[in-house]
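Student: sequence unavailable; structure follows:
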């Protein structure tokens with residue numbers, strides 16, 4: 001199987017038992033019954049950049065966001081970046097904050113073709129979560145935002161991390177987006193089950209865009225150093 005076939009198979013089989021989750025928490029699974037548009041884009045993107053058997057390095061985000069992977073199915077990639085940098089059309093116009101700096105890094109690395117031939121962007125939890133707050137609104141919820149949720153999804157996270165490692169060719173180094181709870185969780189988990197020899201933390205793109213925008217170019221340089 002090519003990497004594209006492995007990745008598409010991985011996403012199409014993602015599932016978690018909602019009954020095991022805490023009350024007022026639901027799953028964000030963009031890959032379950034995807035729209036024809038998303039399905040087309042997923043196949044086009046992964047066959048374009050992963051239609052081979054070459055090993056890749058692994059980058060791990062947190063979990064899918066509603067406006068990036070939640071719509072296109074591709075981590076840190078909104079429809080604008082798909083068209084602008086990957087020459088792939090998506091009928092819904094979406095803009096996702098984190099994808100801005102991610103694609104600046106990709107361009108500085110040498111462009112989408114070179115970047116994706118060397119790296120695979122996955123997530124600690126490849127399914128996202130939403131939580132009903134006190135006002136009755138459903139909002140984004142990270143896997144670590146609630147100890148009960150973290151405990152409930154632990155077997156799922158371990159299983160899917162191992163699958164993503166296999167897809168990449170079992171690299172011993174992992175780059176983590178998020179120097180806070182995502183990194184600490186993976187550090188602790190790694191001590192228990194020894195997935196990696198080295199975990200390299202980088203600031204989460206959303207954090208940079210919201211709080212460190214004036215220093216964005218410095219972070220792009222830092223990212224390139226970690227990915228080279």
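Tutor: Perfect, thanks for sending it. All figures in this text were calculated on a predicted structure; none of them were measured in a lab.

Student: could you check how far the nearest residue to residue 119 once chain neighbours are set aside is from residue 155?
Tutor: For residue 119, ignoring the flanking residues on the chain, the nearest one in space by Cβ to Cβ, 6 or more residues apart in numbering is residue 57 at 4.9 Å. C-beta coordinates here come from the backbone N, C-alpha and C atoms, glycine included. Look at residue 57 and residue 155: by Cβ to Cβ, to the nearest Å, they are 26 Å apart.

Student: over to residue 79?
Tutor: Distance from residue 79 to residue 155, by Cβ to Cβ: 33 Å.

Student: give me the more crowded residue out of these two.
Tutor: residue 79 (24 against 11; other Cβ atoms under 10 Å).

Student: pretty sure the more buried one is touching residue 72, no?
Tutor: Yes - here residue 79 reaches residue 72: they are 6.0 Å apart, a contact under Cβ atoms under 8 Å.

Student: surely residue 60 is in a strand?
Tutor: Yes - under DSSP: H, G, I helix; E, B strand; the rest coil, residue 60 sits within a strand.

Student: so which elements touch the longest helix along the chain?
Tutor: If you go by DSSP state H, the chain has its longest helix at helix 147-168. Applying 3 or more Cβ pairs under 8 Å, 6 or more residues apart in numbering; DSSP states H and E, one finds that helix 147-168 contacts helix 3-12, strand 57-61, strand 119-123, helix 181-193.

Student: what residues are shared contacts of residue 79 and residue 72?
Tutor: Residues touching both residue 79 and residue 72 by Cβ atoms under 8 Å, 6 or more residues apart in numbering: 90, 94.

Student: contacts only, for the residue nearest to residue 119.
Tutor: 118-120, 168, 171, 173, 175, 227.

Student: let's see if you can find the most crowded of those.
Tutor: Top of the contacts of residue 57 by neighbour count (other Cβ under 10 Å): residue 120, with 24 neighbours.

Student: partner residues bridging that residue?
Tutor: Listed by DSSP bridges, the beta-bridge partners for residue 120 are residue 58.

Student: against residue 84, how distant is it?
Tutor: Counting by Cβ to Cβ - residue 120 and residue 84 are separated by 21 Å.

Student: which residue ranges form the helices in this protein?
Tutor: 3-12, 36-50, 69-72, 79-86, 97-109, 112-118, 147-168, 181-193, 205-211, 216-227.

Student: quick one: closest of these to residue 125.
Tutor: Among the helices of the chain, helix 147-168 comes nearest to residue 125, with 5.4 Å by Cβ to Cβ.

Student: in that closest one, what's buried?
Tutor: By neighbour count on 16 or more other Cβ atoms under 10 Å, the buried set for helix 147-168 is 149-150, 152-153, 156-157, 160-161, 163-165, 167-168.
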